[in-house]
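For reference, the sequence and a predicted model appear below.
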Amino acid sequence: MDTGFLIIAWIVSGVIGLVLGAIVDKLGAGFFLGLFLGPIGWIIVFLLPRDEQTKVGNAESTPIPSATSTLKSNRPERDLDSDAYKIWLGKQYSITKNDLFDKYECDEKLFATLDEALIYAHDLEVQNSALEKPAAIDYELVEAKIKEKEERRKLENQIWQDPVFLSFFVMAVIGIFWVVIP
């Protein structure tokens with residue numbers, strides 16, 4: 001077979017993976033899985049967990065309490081061996097799994113394990129209670145930060161979802177390899 005044909009097929013497979021990855025918000029993974037695994041990689045892209053499902057699941061499982069609630073409301077006894085306390089810490093301090101870095105996130109910090117994130121949240125809880133002031137959560141500020149992050153993510157991904165840009169990108173990549181590899 002012609003080597004040039006194989007290289008072009010390889011690149012086209014990666015670009016198809018990129019386009020399919022854009023559908024599920026996994027651009028990089030889509031490109032590289034398509035590039036290295038071809039049609040099998042395309043299937044794997046659709047099996048990857050989607051960010052929207054995680055956000056919806058977290059939003060449904062975390063009820064927003066009233067503005068008068070405090071960190072101490074409905075808090076179980078502080079015992080890191082207690083499942084109820086762990087769940088409460090996870091909800092109060094928004095401990096989430098960050099799929100991008102494959103780590104856990106709490107208070108805009110990353111932790112390798114869930115236990116490390118829980119210990120950090122526990123330390124924050126102890127510090128908050130030591131102040132002897134119940135700290136009210138400003139939900140409007142939290143919602144504003146969430147919206148800001150979503151808007152930033154949309155702007156970053158918007159260029160890759162534009163079909164005109166993707167068409168020019170594909171043509172440029174194929175053109176470069178057409179010139180470089182005679």
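Sure thing, it's come through.

Buried residues, stretch 31-39. List them.
Buried positions in stretch 31-39, judged by neighbour count with 16 or more other Cβ atoms under 10 Å: 31, 32, 33, 34, 35, 37, 38. All C-beta atoms are positioned from the backbone trio N, CA, C, and that covers glycine.

Can you flag which of those residues belong to strands?
If you go by DSSP state E, the buried residues of stretch 31-39 have nothing in strands.

Cross those against helices and list the overlap.
Judged by DSSP state H, helices contain the following of those: 31, 32, 33, 34, 35, 37.

Name all residues that make contact with the last one.
So that's residue 37. residue 44 (Cβ atoms under 8 Å, 6 or more residues apart in numbering).

Distance of it relative to residue 29?
Separation of residue 37 from residue 29 (Cβ to Cβ, to the nearest Å) stands at 11 Å.

likewise the fifth one?
When Cβ to Cβ is the yardstick, residue 35 and residue 29 sit 11 Å from each other.

can you check residue 74 too?
39 Å.

Spell out, range by range, the helices that occur in the chain.
3-23, 27-37, 39-47, 51-61, 83-92, 114-130, 139-161, 163-180.

ranking those helices by burial, who's on top?
helix 27-37 (a mean of 20; mean count of other Cβ atoms under 10 Å).

can you give me the angle it makes with helix 3-23?
Between the axes of helix 27-37 and helix 3-23, defined by axes from the mean of the first three to the mean of the last three Cα atoms, to 10 degrees, the angle is 150 degrees.

pLDDT value on residue 95, please?
With respect to pLDDT, residue 95 scores 90.

Isn't it up against residue 106?
Yes - contact criterion Cβ atoms under 8 Å: residue 95 and residue 106 qualify, at 4.6 Å.

Quick check: neighbours shared by those two?
117, 121.

for this structure, what helix or strand is lowest in average pLDDT?
Sorted by mean pLDDT, DSSP states H and E, the helices and strands of the chain end with helix 51-61, the least confident at a mean of 50.

which non-adjacent residue is nearest residue 38?
residue 13 (4.8 Å; Cβ to Cβ, 6 or more residues apart in numbering).

Pull the contacting residues for the one you found.
Residue 13 touches 34, 35, 38, 39, 41, counting by Cβ under 8 Å, 6+ apart.

could the ones in helices among the buried residues of stretch 31-39 go into TSV alongside pLDDT and distance to residue 86?
Output for these, formatted as TSV (pLDDT from 0 to 100; distance: Cβ to Cβ, whole Å):
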residue	pLDDT	distance to residue 86
31	85	37
32	86	35
33	86	34
34	84	39
35	84	40
37	86	38
